[in-house]
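1. Pasting a predicted model and its sequence here:
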Amino acid sequence: MSDEPTTNDTKNDTTSDAAADERTFLCLVDSSEEFGPTLRFACARANNTGGRISLLYVIEPAEFQHWLGVGDRMQAESREEAEEMCQVVSDVVMRRTGKMPTIYIRDGKAHEVIMDLAEEEPSLSVLVLGSSTGDNGPGPLVSHIVNKMVGKFALPITIVPGGLTDEEIDSIT
């Protein structure tokens with residue numbers, strides 16, 4: 001994979017040769033309730049192990065694509081939203097860990113993108129996902145990965161319960 005951004009893949013690689021030996025925690029960026037505790041957990045683990053964070057934002061395919069111009073506009077808006085959100089989250093990671101994260105923005109279905117990235121990037125060490133606290137189970141991504149990909153996945157997976165408080169996260173990391 002090239003370090004040059006393309007329309008389907010953006011990588012802001014801020015790692016150095018020294019960083020290649022660090023444990024890297026891959027955290028999926030989204031707007032879910034469980035994202036906050038998941039990011040806090042990943043940052044704390046990175047701090048406590050001398051590791052770093054990689055952020056992944058997945059732009060899911062648009063369901064409405066009747067007109068090419070509308071689809072293109074929706075895609076451009078989704079990418080802009082992804083870049084803005086990753087910048088905000090990157091600032092949080094920088095404050096919490098003192099290290100700039102690597103940022104990936106990719107198009108596709110989340111479980112496929114995560115699987116591909118884990119295979120492509122040998123620097124990744126652990127996938128950190130948040131589990132939903134709702135009545136419908138841990139969430140579609142966690143369910144899919146645990147039920148269908150567990151034996152095929154290239155990384156260890158840490159699942160952070162979404163209902164953990166900051167104090168609980170701090171005490172277990």
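-> Cool, got the structure.

2. so where's this protein shaky on pLDDT?
-> Along the chain, the model assigns pLDDT under 70 to residues 1-20, 63-68.

3. residue ranges of the strands in it, please?
-> Using DSSP state E, the strands of the chain run over 9-12, 24-28, 52-59, 102-107, 126-131, 157-161.

4. how about those strands in TSV, adding mean neighbour count?
-> Every residue, glycine included, has its C-beta placed from N, CA and C. As requested, these are exported to TSV (neighbours: other CB atoms under 10 Å):
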stretch	mean neighbour count
strand 9-12	19
strand 24-28	25
strand 52-59	24
strand 102-107	22
strand 126-131	23
strand 157-161	18
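
5. Just give me the residue right at the centre of the protein.
-> Here the mean C-alpha position of the chain is nearest to the C-alpha of L28 (CA atoms, centre = their mean), at a distance of 2.0 Å.

6. Can you say which of the strands of the chain is nearest to R95?
-> Taking CB to CB, strand 52-59 is the member of the strands of the chain nearest to R95, at 11.7 Å.

7. What angle do strand 102-107 and that closest one make with each other?
-> Interaxial angle of strand 52-59 relative to strand 102-107 (axes from the mean of the first three to the mean of the last three CA atoms, to 10 degrees): 20 degrees.

8. Which strands or helices does strand 52-59 pack on?
-> strand 24-28, helix 35-49, helix 68-97, strand 102-107, helix 110-120 (3 or more CB pairs under 8 Å, 6 or more residues apart in numbering; DSSP states H and E).

9. Point out the most buried one among those.
-> strand 24-28 (a mean of 25; mean count of other CB atoms under 10 Å).
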